[in-house]
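In: All I have is the shape, not the residue letters:
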């Protein structure tokens, strides 16, 4: 069986599955249940300065998709609303009782050095394994110049990270906000400030929906709504891209990453690992199904690794990164063609109408003795995959790669008016 | 000894349970979940399989997205009797039978249940459509079965003035008199007629029979057009010895009596019942006998199960309800005396004689077109039409079972609706007399 032990910048856990800083890690009661269920680590819900913040009633909005609930979740909850001392005492007890688990403490205090210097020794005293700097919370706290208000300014990220590194011996993880045009500047800033690792993504600014009766954004608080932070399975593609961009950056490639963003299954977990993550943080899936889902994630990841011959997490981490390239590096000589397995086809015609109305008119709708038959017109097929995506039958439409004659990228392509001079000369 | 023929064989509470809805309605959340199973096929096979051509993927998508009113419009614009069709259609050989989910190895989308969900909503909220401006044209519609109602509604919708004649005491035709009670519970047939007539512009006269209370010539004089939705008024006889013995009855009459009863405990049924026939009427009669408390009900059909016009689902339904089905046995004669039939005798395909003791024999061997206006040309024993609903007489149209076709409620609706469109066109541009 694969060795799932995880080591993120010296923070060790028996498996890579951590609960992210969020309501599930708000207090000892939940965290003890999580550890009992098998979670490898938790990032305790963000601590701030006393007096604690006050949270609202009505906190979450959600969207489902075709019968599946909570494909996306947004929240307007702030950081921990419990006294600092209460949290610290509980953290200390839980860490004492679960010494083999990773217990990281999320922090968010005002952007002044004294505030950070004051809180770090208190956390260190609990025996926690590390701290995570919450530079990501995109709602509420950012209106108080904390959270994403810091994370969106690389100079602040570097500055605060430096203060924290100077103020503690604990490993420091910087949690990045996705609410930026490029994830690279804040990641570089974290590295420059001395961060031991980064975690991403925090939630995405969002209005999850509008209540059309009350005419207010959801969740509605006494007739009004505000933007929240979006998470859950729907944000996974955004997160994978940002994790991958950091992992493939030459300067950042050595910076350990804790991957976050819609991880719900072992497969999601494996994809984050492949794109460069070392540990994995989960929240929405646990909020949807409870802590026991970690058993399925551990089982699935372990079985998949065994099947592939990957012995340890490090064997998977970053494995897809060399293949994650800019568009300009893709081979334009490559061609793939749709192929419909007529034995499996149920005749729904979804491939036909998708191609006919919105793609390249490369599928013919035929009637053979009254029976519907859909056939690919290979000469028209550009290999876009749309038909395979709309087809409801597993393995019915296969995209078949055609033999490739060498590599030709856009910088060298004859149709590119700015193609490389060397090629033009040749 | 137990009475051979008796009423109230079961407690009234048991009867009520036995005759309750065989397919209870979907709740709103169930409807959304089921609607989301629809793949929304291009060129959907279900539309093609529906005689009225309802845009099924469209109405289902409207349910899935919370637009139940829009769903009802999509159904009722093609089929104003979408409510009863949702209950009585043999969907396993129509829309649901060709659902691509079945090809995928899954149960079909429950189209009928979804259609009921939407049409029930509309019926609770009043008419779905408003009439076009009055045209001043007057049309007589004879018969209030599915064909007549569909024709009358479409004509009224288009602005024509409709006078609807029914020979029976109540309107509805087969829906009122001929369908098993548990398929149209809670007075559904009557509520649906109220819903159809609520569009306005339709005047109903019951107890008015063509050829008795009025002639076709009178109607042609008085109206701009006449539509005949006469149905099948005759029943086929077996012509066998003993057929006139007491308690050898037509299944159609038995079902009509049951449907009109205010108290099911007043319907007399035998302890041992033999039903002869292989269609849905035979199934409906047999199952209702069981539900009334008959101890043994045997349905006897002269050929094999594959030849029965009752669908496989209907046959299974009968078996689940304790009906014994005997195949490949032809009726020969009936035994009994002045007190009534005592046995039905059949000749089996292997030449052996099969004698089934019986207190009640119900014949369901087919209905006939009878007593229609002699002036009309017929073909294959039914009224001849040109494929657009026009008969051999100018300004006289016909549809439904009196014309022929699939002999399904939904097919009759399609014929009535389409004849109305022909009438509408002919009234606009006279070309047919």
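Out: Everything's here; your move. Note that the coordinates shown come from a computational prediction; the quantities given were computed from them, not determined experimentally. Numbering: from 1, shown residues only, chains lettered A, B, ... in the order given.

In: how near is the closest residue to chain B within the stretch 201-350 of chain A to residue A:66?
Out: Residue of the stretch 201-350 of chain A nearest chain B, by C-beta to the nearest C-beta: residue A:349 (3.3 Å). Yep, even glycine has a C-beta here, placed from its N, CA and C like the rest. From residue A:349 over to residue A:66 the distance is 19 Å, taken as C-beta to C-beta, to the nearest Å.

In: Can you report how many residues neighbour the residue nearest to residue A:377 when sequence neighbours are not counted?
Out: Once flanking residues are discounted, residue A:377 sits nearest to residue A:362: 4.9 Å by C-beta to C-beta, 6 or more residues apart in numbering or on different chains. For residue A:362, the tally of surrounding residues (other C-beta atoms under 10 Å in any protein chain shown) stands at 23.

In: so what's the nearest residue to residue A:128 once chain neighbours are set aside scoring on pLDDT?
Out: Of all residues not flanking residue A:128 in the chain, residue A:105 sits nearest, at 4.7 Å (C-beta to C-beta, 6+ apart). Note for residue A:105: predicted pLDDT of 98.

In: Going by secondary structure, residue A:105 is in what exactly?
Out: Per DSSP states H and E, residue A:105 falls inside strand A:102-107.

In: now swap in residue B:14 and tell me
Out: helix B:12-18.

In: What does the pLDDT read for residue 424?
Out: Because you didn't say which chain, this covers chain A. 51.

In: I was after chain B.
Out: For residue B:424, pLDDT reads 98.

In: list the contacts for residue A:354?
Out: A:386-387, A:390 (C-beta atoms under 8 Å, 6 or more residues apart in numbering or on different chains).

In: Could you tell me whether it really is in a helix?
Out: Yes - counting by DSSP: H, G, I helix; E, B strand; the rest coil, residue A:354 is part of a helix.

In: Confirm residue A:238 sits in a helix?
Out: Yes - assessed by three-state DSSP, residue A:238 belongs to a helix.

In: correct me, but it touches residue A:201?
Out: Yes - assessed by C-beta atoms under 8 Å, residue A:238 is found in contact with residue A:201 at 6.5 Å.

In: What is the burial count for the one residue in the stretch 1-150 of chain B that gets nearest to chain A?
Out: Per C-beta to the nearest C-beta, residue B:42 is where the stretch 1-150 of chain B lies closest to chain A, at 3.3 Å. If you count neighbours by other C-beta under 10 Å, residue B:42 ends up with 20.

In: residues near residue A:353, how many?
Out: Neighbourhood size, residue A:353 [other C-beta under 10 Å]: 19.

In: Find me the pLDDT at it, would you?
Out: For residue A:353, the model assigns a pLDDT of 98.

In: for it, what are its contacts?
Out: residue B:42.

In: And chain B, split by domain according to the record?
Out: B:5-16+B:235-366, B:36-124, B:138-233+B:369-428 (automatic domain parsing).

In: out of these, nearest to residue A:230?
Out: domain B:36-124 (22.3 Å; C-beta to C-beta).

In: and the closest one, how far apart are its ends?
Out: Distance between the two ends of domain B:36-124: 24 Å, counting by C-alpha to C-alpha, to the nearest Å.

In: Work out the gap between it and the centre of the chain.
Out: Its chain's average C-alpha position is 19 Å from that of domain B:36-124, according to C-alpha atoms, centre = their mean, to the nearest Å.

In: all strands for the stretch 301-433 of chain B, in order.
Out: With DSSP state E, counting those that start in this stretch, the ranges of strands along the stretch 301-433 of chain B come out as B:323-326, B:329-337, B:340-348, B:353-357, B:360-363, B:367-368, B:378-379, B:382-383, B:396-398.

In: Adding mean neighbour count and distance to residue A:298, write those strands out as CSV.
Out: Supplementary listing: the strands of the stretch 301-433 of chain B in CSV, determined by neighbours: other C-beta atoms under 10 Å in any protein chain shown; distance: least, C-beta to C-beta, whole Å:
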stretch, mean neighbour count, distance to residue A:298
strand B:323-326, 18, 55
strand B:329-337, 18, 65
strand B:340-348, 20, 66
strand B:353-357, 15, 66
strand B:360-363, 28, 65
strand B:367-368, 17, 68
strand B:378-379, 14, 74
strand B:382-383, 22, 71
strand B:396-398, 29, 72
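
In: That's all I had, so thanks and see you.
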